[in-house]
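1. This is a predicted model, with the sequence first.
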Amino acid sequence: MEQEFLLKFLEIGAIDLKGDDTKLEKLRSTAKDLAAALRKAPSQTAHFTMVAADPNIAATDPTVEEAMAALRKQWETVANAFAGRPVAILRAILLDAIVQAARLDDAIAVAFVNTARNALAYAETSDEAEIWREAVGEIETNVDARAEAEWATPEMITIDPLQYAPPARMSKDFVVPTVNQSDLKSKIYSAAGPWGPTNPNPHQPGNNPQQWSQEFASRMSVAIAEALDGIAEELTPAPVDLSGPLSALAKAVTTHVDRALASFSGATAGLQRRTNLLWWKEALYSPSAHASYLDLSPFEAAALMALDLHEQVPIYSPASVSAFLREAVRCLPIGNGAQSNGERDVASLVHDARTVAFMQPFRALAAQYTPAPFGRGPLLALIGHPGDPGAVEATTLRAFSGVDASTKMTPSDWGTYLFRELQAARATSESPTKRAKKK
């Protein structure tokens, strides 16, 4: 049975409805409405998740406003039931709505898991930690199951048999040709002497044997040859056009080979992808920057590694890919651009991402994935739409991203954070017809 996360918030006392089941039903209906709205606008997944994960979210945040409007539709007097805006209740509703939508839409599931992993690392949710662990664990298990199926390499490849139907056999009545004995007899009789009925031999065998035999042989040769030629003509087969059947056979073979190659390619895609990633990790070369990561500062390299890995893997990738990136970044030597402890504050990292030249490919992709920043949202929006390229104020950064400007990150933290945001944004930025949905 699927878990209801609204009840879990009630169980730990995070929200208090005074035991009123009527109010609980109103919350359930609101969560259902928000889940339906999220499935229609999956790009809001990151906003929903980041708001739900932050107990200190501002009551004026646009996503909080949206949740409150949905609650009012179910509970008209909600404003009178609480002294202020019930942010804790709205956060619980949002999480329940996200999980409902993620259970039905794999793309929303990907965005939720990646966003939650980032947000929870910097949010103060100790009282709710177990609830979030269960929510993320459930959805991440589903995502990993699909991802593992796409990344797996089967032990055996099964190919359907060749689909080809030979042309129908042509049936034709065959009459065995025969010699017209009467006609042949008449010609032999005429060749034997002057008594034949048609064009007789003018010589008789007794009077002039030599001339007779010559004439007889000539006439007999003609008579027999004509009889044999007649039979041969009747035995000559009618011409058969094989172009149609051969073309059909060639087409069937081509289709069969194409399907076999597609099956092989699909079956080995996971192995090829893993091989390419290992090569990339060992080479430490950035295809987007056309430079070695070793020639960049660790934080520059980490950001580009997040971009390059994102462009090598599909939307549905196992959680281990993030761990793979973390270990790949750790292979970089700590040096230029990093303090002695290998950490930098988020404010300076965001400033560099919005301004320095090497991050232009990252900014371009971020702009494609996200709209201009509004309310609580991913750092991609700030990076992809820099507007004023100057430094982002500390209060603005905290309000928008949920991360304090003074928060320290290592290169691996920074690269992993950006990679998850890219994966989440891509999953929900595609059109509904392109996104894979569960039926």
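-> Alright, I've got the coordinates.
2. wait, doesn't A37 sit right on A70?
-> Yes. The pair A37 / A70 is scored as a contact, 7.4 Å apart, by C-beta atoms under 8 Å. (C-beta placed from N, C-alpha, C; glycine too.)
3. which of these two has more neighbours?
-> A70 (22 against 16; other C-beta atoms under 10 Å).
4. Which positions within stretch 143-163 qualify as buried?
-> Neighbour-count burial for stretch 143-163, counted by 16 or more other C-beta atoms under 10 Å, picks out V143, D144, R146, A147, W151.
5. what residues are up against the third one?
-> Contact partners of R146, counting by C-beta atoms under 8 Å, 6 or more residues apart in numbering, are D106, Y316.
6. and the gap between it and F5?
-> Applying C-beta to C-beta, to the nearest Å, the value for R146 to F5 is 22 Å.
7. Check the burial of A225 by counting its neighbours.
-> The tally of other residues near A225 (other C-beta under 10 Å) stands at 10.
8. got the phi/psi numbers for it?
-> Backbone torsions for A225, taken as degrees, to the nearest 10, come to phi -60, psi -40.
9. Looking at it now. What's its pLDDT?
-> As predicted, A225 sits at a pLDDT of 83.
10. How about the one 4 residues further on?
-> The confidence metric pLDDT takes the value 80 at D229.
11. Then A436?
-> For A436, pLDDT reads 44.
12. likewise Q3?
-> For Q3, pLDDT reads 80.
13. Thought E138 was touching it, still the case?
-> Yes. Look at Q3 against E138 with C-beta under 8 Å: they come within range, at 7.1 Å.
14. joint contacts of these two?
-> V99.
15. Looking at these two, which one has more neighbours?
-> A count of neighbours by other C-beta under 10 Å puts E138 above the other of Q3 and E138, at 18 against 13.
16. roughly how far apart are that one and F5?
-> Taking C-beta to C-beta as the measure, E138 falls 10 Å from F5.
17. what is in contact with these two at once?
-> Both E138 and F5 are contacted by V99, under the criterion C-beta under 8 Å, 6+ apart.
18. wait, what's in contact with Q163?
-> Here Q163 is in contact with A252, T255, H256 (criterion: C-beta under 8 Å, 6+ apart).
19. show me the contacts for the last one.
-> H256 makes contact with L162, Q163, according to C-beta under 8 Å, 6+ apart.
20. Give me the local confidence score for the residue sitting nearest the centre point of the chain.
-> Compute the mean C-alpha point of the chain, and by C-alpha atoms, centre = their mean the closest residue is P314, 6.7 Å away. For P314, the pLDDT comes out at 90.
21. Distance-wise, check the nearest residue to it once chain neighbours are set aside relative to I383.
-> With sequence-adjacent residues excluded and distances taken as C-beta to C-beta, 6 or more residues apart in numbering, P314 is closest to E150, at 6.6 Å. From E150 across to I383, the span is 29 Å (C-beta to C-beta).
22. same check, this time on A149
-> From A149 to I383 the distance is 33 Å (C-beta to C-beta).
23. what's the burial count for the closest residue in space to V313 that isn't next to it in sequence?
-> Nearest non-adjacent residue to V313, counting by C-beta to C-beta, 6+ apart: V321, 5.8 Å away. The number of residues packed near V321 is 21, by other C-beta under 10 Å.
24. so how far is G244 from V321?
-> For V321, the distance to G244 - C-beta to C-beta - is 52 Å.
25. next one: T198
-> 49 Å.
26. next one: G342
-> Using C-beta to C-beta, G342 is found at 72 Å from G244.
27. Just want to know which of these two has more residues nearby.
-> More neighbours surround G342 than the other of G342 and G244, with 18 against 9 (other C-beta under 10 Å).
28. what's the pLDDT at A301?
-> Looking at A301, the pLDDT reads 93.
29. Low-confidence regions, this structure specifically.
-> Within the chain, the stretches with pLDDT under 70 are 1, 153-157, 164, 170-174, 196, 260-270, 334-341, 388-391, 430-439.
30. Break it into its domains for me.
-> 5-151, 170-263, 284-429 (automatic domain parsing).
31. Just to be sure, V136 is in a strand?
-> No. According to DSSP: H, G, I helix; E, B strand; the rest coil, V136 belongs to no strand; its state is helix.
32. Do I have it right that it meets L120?
-> Yes. Counting by C-beta under 8 Å, L120 is a contact partner of V136 at 7.5 Å.
33. all strands of the chain, in order?
-> For the chain, the strands defined by DSSP state E cover 285-286, 291-292, 344-345, 408-409.
34. Dump those into JSON lines; add distance to N208 and mean neighbour count as well.
-> Formatted as JSON lines, the strands of the chain follow (distance: least, C-beta to C-beta, whole Å; neighbours: other C-beta atoms under 10 Å):
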{"stretch": "strand 285-286", "distance to N208": "109", "mean neighbour count": "18"}
{"stretch": "strand 291-292", "distance to N208": "113", "mean neighbour count": "14"}
{"stretch": "strand 344-345", "distance to N208": "131", "mean neighbour count": "19"}
{"stretch": "strand 408-409", "distance to N208": "128", "mean neighbour count": "18"}
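35. looking at these, which is closest to L27?
-> strand 408-409 (36.3 Å; C-beta to C-beta).
36. Which residues outside the closest one are in contact with it?
-> Residues contacting strand 408-409 (C-beta under 8 Å, 6+ apart): E343, R344, D345, V346, L349, Y417.
37. Closest to T396 out of those?
-> Using C-beta to C-beta, V346 is the member of those that lies nearest T396, at 12.2 Å.
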